[in-house]
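Engineer: Next input, structure requested:
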Amino acid sequence: MADAPVPVLMYHAVADEPDDATRALSVTPRAFAEQMAAVAERGLTPVTTADLAGAWRSGRPLPRRPVLITFDDGYEGVHRHALPVLAKHGFPATLFVSTGWLRGPYDTGGALDTMLDWDQVRALADAGLEIGGHSHTHPQLDQLGAGALRHELIRCTEILTGQLGTVPVSFAYPYGYSDRRVRAAVREAGYAQALAVGNGPARRSQGPYALRRLTVRRTTGAREFARLLEGRGIARAFARDRALTKGYAVLRRARRLRGRLGGADA
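Structural biologist: All right, here's what the predicted structure looks like:
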């Protein structure tokens, strides 16, 4: 089917004892291993973000029962805990990094937990993970003026290209926030596709710059995870998230309007 839904799993930290700031959106190493085993047992076929978007763009067929495994921000547990599990199953994945949060010469000091260093990022890339952009300092991109927005995107791209030797083609919006202006800027920065959140399955009809993902968090149990893979009960599972998102969207639109009326275009 041309617009068959594809589950895109969104992970953050993989750690037994994450910092308080990342705990809710973290999973334990044991839970991650069990979830990847569930993916394998159900016969799903993981693909990268670039693979999915490329197939939808060209009309090439996707493998049987595709699924995406994605990680945001660049937490150290992706290398320490997730990589061995992915390698065991032969699963590809996509890691979206905020370059100013990673340990090393570009660190801006804003990271929420222990982050990857550049040797680890290169090791993940060498192991077959797609490395995508997630901005430089992880701001709410739709709240930025044109200059600051462009800097966040270009700086991230330049650092990733310099460190890995390849230009990133996939992007994930920090906090999942974007608007038409942000999506246009991401496209102009050279990214071919971008992931939001939305807490629903991805579909070709969403367009390459607004593909949805499903949040996997510390409270996601085995039954709920199975439902995410199978596309059952998703609206009910994320009802609270959607209510909060709608309310916060109104607040953020008001903030943008005030910024524009004040002439802010940093």
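
Engineer: Show me where the protein has its helices.
Structural biologist: Residue ranges of the helices in the chain, as given by DSSP state H, are 20-23, 29-41, 49-58, 77, 83-89, 118-126, 146-164, 180-188, 222-230, 234-237, 239-261.

Engineer: winner for burial among those?
Structural biologist: helix 77 (a mean of 26; mean count of other CB atoms under 10 Å). Quick note: C-beta positions are derived from backbone N, CA and C, even for glycine.

Engineer: which residues touch it?
Structural biologist: 13, 14, 15, 18, 26, 29, 114 (CB atoms under 8 Å, 6 or more residues apart in numbering).

Engineer: Swap in 7 Å and give it another go.
Structural biologist: By CB atoms under 7 Å, 6 or more residues apart in numbering, the surrounding residues in contact with helix 77 are 13, 14, 15.

Engineer: same check, this time on stretch 37-52
Structural biologist: Residues outside stretch 37-52 that contact it (CB under 7 Å, 6+ apart) are 6, 62-70, 89, 91-94, 130, 132, 169-170, 193, 195, 225-226, 229.

Engineer: that older thread, reformat the contacts of helix 77 as CSV; add pLDDT, distance to residue 238 and neighbour count.
Structural biologist: Formatted as CSV, the contacts of helix 77 follow (pLDDT from 0 to 100; distance: CB to CB, whole Å; neighbours: other CB atoms under 10 Å):
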residue, pLDDT, distance to residue 238, neighbour count
13, 98, 20, 29
14, 98, 21, 24
15, 98, 23, 23
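
Engineer: ok, so of these, who is nearest residue 81?
Structural biologist: residue 14 (4.5 Å; CB to CB).

Engineer: what's the pLDDT at the nearest residue to that closest one once chain neighbours are set aside?
Structural biologist: Counting by CB to CB, 6 or more residues apart in numbering, residue 14 lies nearest to residue 77, which is 3.7 Å off, once chain neighbours are set aside. With respect to pLDDT, residue 77 has a value of 98.

Engineer: if we can go back for a sec, now, which of the contacts of stretch 37-52 lie within strands?
Structural biologist: 66, 67, 68, 69, 70, 94, 130, 132, 170, 193, 195 (DSSP state E).

Engineer: so which of the helices of the chain comes closest to residue 109?
Structural biologist: Comparing these by CB to CB, helix 20-23 comes nearest, at 13.9 Å.

Engineer: contact partners of that closest one?
Structural biologist: Against helix 20-23 from outside (CB under 7 Å, 6+ apart): 12, 13, 112, 113, 218.

Engineer: what residues are up against residue 164?
Structural biologist: Residues in contact with residue 164 (CB under 7 Å, 6+ apart) are 122, 125, 131.

Engineer: Format the residues you listed as JSON lines; extra columns: pLDDT.
Structural biologist: Formatted as JSON lines, the contacts of residue 164 follow (pLDDT from 0 to 100):
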{"residue": "122", "pLDDT": "98"}
{"residue": "125", "pLDDT": "98"}
{"residue": "131", "pLDDT": "98"}
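
Engineer: can I get those in JSON lines with distance to residue 137?
Structural biologist: Formatted as JSON lines, the contacts of residue 164 follow (distance: CB to CB, whole Å):
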{"residue": "122", "distance to residue 137": "21"}
{"residue": "125", "distance to residue 137": "22"}
{"residue": "131", "distance to residue 137": "18"}
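
Engineer: export the helices of the chain to JSON lines and tack on distance to residue 212?
Structural biologist: Below are the helices of the chain laid out as JSON lines (distance: least, CB to CB, whole Å):
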{"stretch": "helix 20-23", "distance to residue 212": "22"}
{"stretch": "helix 29-41", "distance to residue 212": "18"}
{"stretch": "helix 49-58", "distance to residue 212": "12"}
{"stretch": "helix 77", "distance to residue 212": "24"}
{"stretch": "helix 83-89", "distance to residue 212": "22"}
{"stretch": "helix 118-126", "distance to residue 212": "24"}
{"stretch": "helix 146-164", "distance to residue 212": "21"}
{"stretch": "helix 180-188", "distance to residue 212": "14"}
{"stretch": "helix 222-230", "distance to residue 212": "12"}
{"stretch": "helix 234-237", "distance to residue 212": "10"}
{"stretch": "helix 239-261", "distance to residue 212": "12"}
